[in-house]
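Engineer: Build the 3D model from these lines:
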Amino acid sequence: MKKKRLLPFFLILATAFVGCEQKKQMTDNPLLLTYDTPFNVPPFDKIKDEHFKPAFEEALKVHNLEIDTIINNTEDPSFNNTILALENAGKLLTNVSSVFSNLNSANSNDSLKAIAKELAPVLSAHQDEISLNAKLFDRVKAVWSKKATLGLDVEDNKLLEETYKSFVRSGANLKDADKEKLKKINSELSSLTVQFGQNLMTESKAFELVVDSASQLEGLPEALKSAAADEAKIKGKEGKWVFTLQNPSIMPFLQYAKNRELRKQIWEAYQTQGNHDDATDNKEILRKMANLRLSKAKLLGYPSHAAFVLEESMAQNPANVYALLNKLWAPALTKAKGEAADIDKEIKEEGGNFEVAPYDWRYYTEIIRQKRFALNEEEIKPYFSLPTVREGAFAVANKLYGLTFVALNNVPVYQKDVEVYEVKDKDGSHLGLLYADFFPRESKRSGAWMTSFRSQSKTEGKRNAPVISIVCNFTKPVGDEPALLTFDEATTLFHEFGHALHGLLSNVKYRSLAGTSVSRDFVELPSQVMENWAADPQVLKEYAKHYKTKEAIPDSLIAKMEKAGTFDQGFATVEYLAASLLDMNYHAATSPITGNINDFEKGAMKKIGLIDAIIPRYRSTYFQHIFAGGYSAGYYAYIWSEVLDSDAFAAFKEKSLYDQPTADSFRRNILEKGGTGDAAQMYKTFRGADPDPKYLLIKRGLN
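Structural biologist: Predicted coordinates for the structure are as follows:
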């Protein structure tokens, strides 16, 4: 995720605290001590929930003192005593925040949730006190005004630019009365963001589809039934089967369950999350957020929130985003309508007298896939055990960049399933650490993401190694068998691993410019380009090995997968584009959103002609990416980046999959650079030209 330049801790910290409990002594609190652990990682085995409040109190106090020192410096403002001093301030707060926010996302509990709710407005106020401080901004502005005479190198100049822009975009030029309005808006937004995410986690956790008759499980794979039986046992319902809204449970259920009524039941629970007019309803929360974002944008001089956000992106403005989405919408919708017609035909052939509904799509698509391509997902999964996929991703990184991954068992972890690897460069030097947290649990939010416990930076020219983490929600192991992934899950692992490489290979001076500190529509390039290796036939032969026989995936099965490669891409593209356009409708609005939120969403989808058999990938009330995940006016970024990644992979295919000059250029010009350059120019330097959209259309079968 892209980090704020002014206060790197704030965007990393999606949730936060404030409290007035008596502060413990620093010697009692592991969060406030130098980490006495291998590679200086957080001492998770010593950190307790009660350590966070006093740690935040102390970290906020220290940061305020650091800011006061900068403001009260009697020397003329300079790059070192102002810009660099700001960059180096708040390190303790960053450390505490990164541990807290990551635990709150991946291994939360009621205590952490309460702290998060309490802290959100306090950290918002803390950021505002800094970014709206007139004396501090005067110093930054003084350095900015003489930038041409300072003789700064590229990275120093970029840090100055981003620091200055961060103040301006945070309201530093506003009048005092407007600053107070902005503070109030920021405080409300921070609290609403936390509430939206917590409501969604509560809703997801609460639902169970309990099946008590084996006859109702017709069509389901044995592994899924076993997993559901294990879930039932954990929940005290032994002898039954429990299915949840976690992706590894609901999606294969929708894909294989013959019982249409049960498919409808679990689907309705999924697509109405946060939409039940109860204590965890998100409709009014998201309306307030969209309107507050609009108010903030107008206060800062922009016509819409999207205009404000996109100014810092490759897309630059809402018109360019709409242009791309609309260009893809027509061919994608045409393809999806054809797919719907095929499903309706299949329904009638088996004697059904209904048209395809959203809870039918995956079930009948699977039937058609098997008929048309003789391809069964269950035939594929034995070749994609989690260990083989993980090692496959590591092997690709080794062949491209010379990296090696050494499993560690002497490093503290926050949950017993978490794996840790030391990452070494081609010369054997230490690059960083990679944490991997693969399986779902009630304490973890849904989805998959990359994050960090420590961003890369340099001190007096010496590289400070990053500590990176990838978090997923994959199918759990069943019995003595390893976790067997769907191919979609396998590509998700490669995707998040691509983000991890962006963080691990970062080689810049400043933490606020490191790794993934790039525009939202560029940050997905390193992740999505890795998906191309996951699906390439040559690479599949190298890593997709049967978990029992250890034999490589047969050519015949690869051929089936390739034939089916663009199958159902109308659906996949349409549901994604619909969500992207819904995001833009909320955030490109130039007047407040009124009326019923369900009607607003329905109207937005009717306007683009979305067919009834498909809904947006995320409906409004559980659209966590844009209301609790930092992707507001940015969900389009995945398809924008796909233009880049399709073109970038073509650069390799034009030569060879592991062409070293191409890999070296991608590493040097993209992965190592972080946010130190202009994204479009960085890409052009790598490729030698602007990206060609034709490769995306070919990839999705829309050409």
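
Engineer: Now do the strands in this protein.
Structural biologist: 209-211, 241-243, 404-408, 419-424, 430-437, 449-454, 457-459, 462-464, 467-471 (DSSP state E).

Engineer: Ok, which of those comes nearest Val194?
Structural biologist: Closest approach to Val194 among those (Cβ to Cβ): strand 449-454, 16.9 Å. Bear in mind the C-beta positions are built from the backbone N, C-alpha and C, glycine included.

Engineer: what residues does the closest one touch?
Structural biologist: 1, 12, 40-42, 95, 98-99, 101-102, 105, 435, 464-471, 496, 499-500, 502-503, 515-516, 527 (Cβ atoms under 8 Å, 6 or more residues apart in numbering).

Engineer: same deal with stretch 378-392?
Structural biologist: 221, 223, 436, 438, 474, 477, 482-487, 489-490, 493-494, 534, 539, 542-548, 553, 557, 561.

Engineer: just stretch 131-147 next, same as before
Structural biologist: Contacts of stretch 131-147 (Cβ under 8 Å, 6+ apart): 6-7, 67, 70-71, 73, 76-79, 82-83, 86, 130, 150, 157, 160-161, 163-164, 166-167, 170-172, 174, 179, 182-183.

Engineer: Only whichever of those are buried, select them in PyMOL.
Structural biologist: Those of the contacts of stretch 131-147 that count as buried under 16 or more other Cβ atoms under 10 Å are selected in PyMOL with:
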select buried, resi 6+7+67+70+77+78+79+82+83+86+130+157+160+163+164+166+167+170+171+172+174+179+182+183
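
Engineer: Inside helices: which ones of the contacts of stretch 131-147?
Structural biologist: 67, 70-71, 86, 130, 157, 160-161, 163-164, 166-167, 179, 182-183 (DSSP state H).

Engineer: Can you pick out the most distant pair from the residues you listed?
Structural biologist: Largest pairwise distance in the ones in helices among the contacts of stretch 131-147, by Cβ to Cβ, is 30.6 Å, between Asn157 and Lys183.

Engineer: how close does the residue located most distally from the centre of the chain get to Leu540?
Structural biologist: Distance from the C-alpha centroid of the chain, by Cα atoms, centre = their mean, peaks at Thr74 (43.1 Å). Distance of Thr74 to Leu540, computed by Cβ to Cβ, to the nearest Å: 65 Å.

Engineer: coming back round to it: please list only the buried members of the contacts of strand 449-454.
Structural biologist: 1, 12, 41-42, 95, 98-99, 101-102, 105, 435, 465-471, 496, 499-500, 502-503, 515-516, 527.

Engineer: can you tell me which of these are in helices?
Structural biologist: 12, 95, 98-99, 101-102, 105, 496, 499-500, 502-503, 527.

Engineer: Least confident of those?
Structural biologist: Among these, Ile12 carries the weakest pLDDT, at 34.

Engineer: pretty sure Ala552 is touching Lys541, no?
Structural biologist: Yes: contact status for Ala552 versus Lys541: in contact at 5.1 Å, counting by Cβ atoms under 8 Å.

Engineer: Pull the number of nearby residues for Lys240.
Structural biologist: Lys240 has 18 neighbours, counted by other Cβ atoms under 10 Å.

Engineer: Apologies, that question was intended for Phe487.
Structural biologist: 18.

Engineer: check contacts around the closest residue to Asp212 other than its chain neighbours.
Structural biologist: Among residues not flanking Asp212 along the chain, Lys240 sits closest, at 4.8 Å (Cβ to Cβ, 6 or more residues apart in numbering). By Cβ under 8 Å, 6+ apart, the contact set of Lys240 is 210-212, 229, 232.

Engineer: Dump the residues you listed to TSV, plus distance to Ser446.
Structural biologist: Below are these laid out as TSV (distance: Cβ to Cβ, whole Å):
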residue	distance to Ser446
Val210	20
Val211	22
Asp212	26
Ala229	22
Ala232	20
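
Engineer: which among those gets closest to Pro30?
Structural biologist: Nearest member of the contacts of Lys240 to Pro30, counting by Cβ to Cβ, is Ala232, at 38.1 Å.

Engineer: roughly how far apart are that closest one and Lys135?
Structural biologist: Counting by Cβ to Cβ, the gap from Ala232 to Lys135 is 62 Å.

Engineer: more crowded one of the two?
Structural biologist: Using other Cβ under 10 Å as the criterion, Ala232 and Lys135 rank with Ala232 on top: 20 against 9.

Engineer: who touches that one in this structure?
Structural biologist: 210, 238-242.

Engineer: now swap in Lys181 and tell me
Structural biologist: Lys181 neighbours (Cβ under 8 Å, 6+ apart): 295, 299.

Engineer: now do 7 Å
Structural biologist: Leu299 (Cβ atoms under 7 Å, 6 or more residues apart in numbering).

Engineer: How about the one 4 residues further on?
Structural biologist: Ile185 makes contact with 292, 295-296 under the criterion Cβ under 7 Å, 6+ apart.

Engineer: out of those, which are buried?
Structural biologist: In these, the ones that pass as buried (16+ other Cβ under 10 Å) are 292, 295-296.

Engineer: how about the residues you listed in a markdown table, adding distance to Lys48?
Structural biologist: Supplementary listing: the buried ones among the contacts of Ile185 in a markdown table, determined by distance: Cβ to Cβ, whole Å:
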| residue | distance to Lys48 |
| --- | --- |
| Leu292 | 35 |
| Ser295 | 40 |
| Lys296 | 37 |
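
Engineer: Among these, which one lies nearest to Tyr414?
Structural biologist: Nearest member of those to Tyr414, counting by Cβ to Cβ, is Leu292, at 33.1 Å.

Engineer: Find the residue ranges of the stretch 301-450 of the chain scoring beneath the pLDDT cut-off.
Structural biologist: Applying pLDDT under 70 to the stretch 301-450 of the chain flags no residue at all.

Engineer: Please read the previous query as pertaining to the stretch 1-150 of the chain.
Structural biologist: In the stretch 1-150 of the chain (pLDDT under 70), the answer is 1-27.

Engineer: Residues in a beta bridge with the nearest residue to Leu408 once chain neighbours are set aside, which ones?
Structural biologist: In this structure, Leu408 finds its nearest non-sequential neighbour in Val420, 4.7 Å apart by Cβ to Cβ, 6+ apart. Beta-bridge pairing of Val420 under DSSP bridges involves Leu408, Tyr435.

Engineer: Next, the contact list for Val420, please.
Structural biologist: 408, 411, 413, 433, 435.

Engineer: Of the residues you listed, keep whichever come out buried.
Structural biologist: 408, 411, 413, 433, 435.

Engineer: Check these and tell me the two furthest apart.
Structural biologist: Val413 and Leu433 (11.1 Å).

Engineer: what number of residues lie near Asp599?
Structural biologist: By other Cβ under 10 Å, neighbour count at Asp599 equals 9.

Engineer: same thing with the one 5 residues further on?
Structural biologist: The local packing of Ala604 (other Cβ under 10 Å) involves 19 other residues.

Engineer: Let me know whether it touches Asn585 as I believe.
Structural biologist: Yes: contact criterion Cβ atoms under 7 Å: Ala604 and Asn585 qualify, at 4.5 Å.

Engineer: Any of the contacts of stretch 378-392 buried? List them.
Structural biologist: Buried members of those, scored by 16+ other Cβ under 10 Å, are 221, 223, 436, 438, 474, 477, 483-487, 489-490, 493-494, 534, 539, 542-545, 547, 553, 557, 561.

Engineer: Show me the shaky parts of the stretch 601-703 of the chain.
Structural biologist: In the stretch 601-703 of the chain (pLDDT under 70), no residue qualifies.
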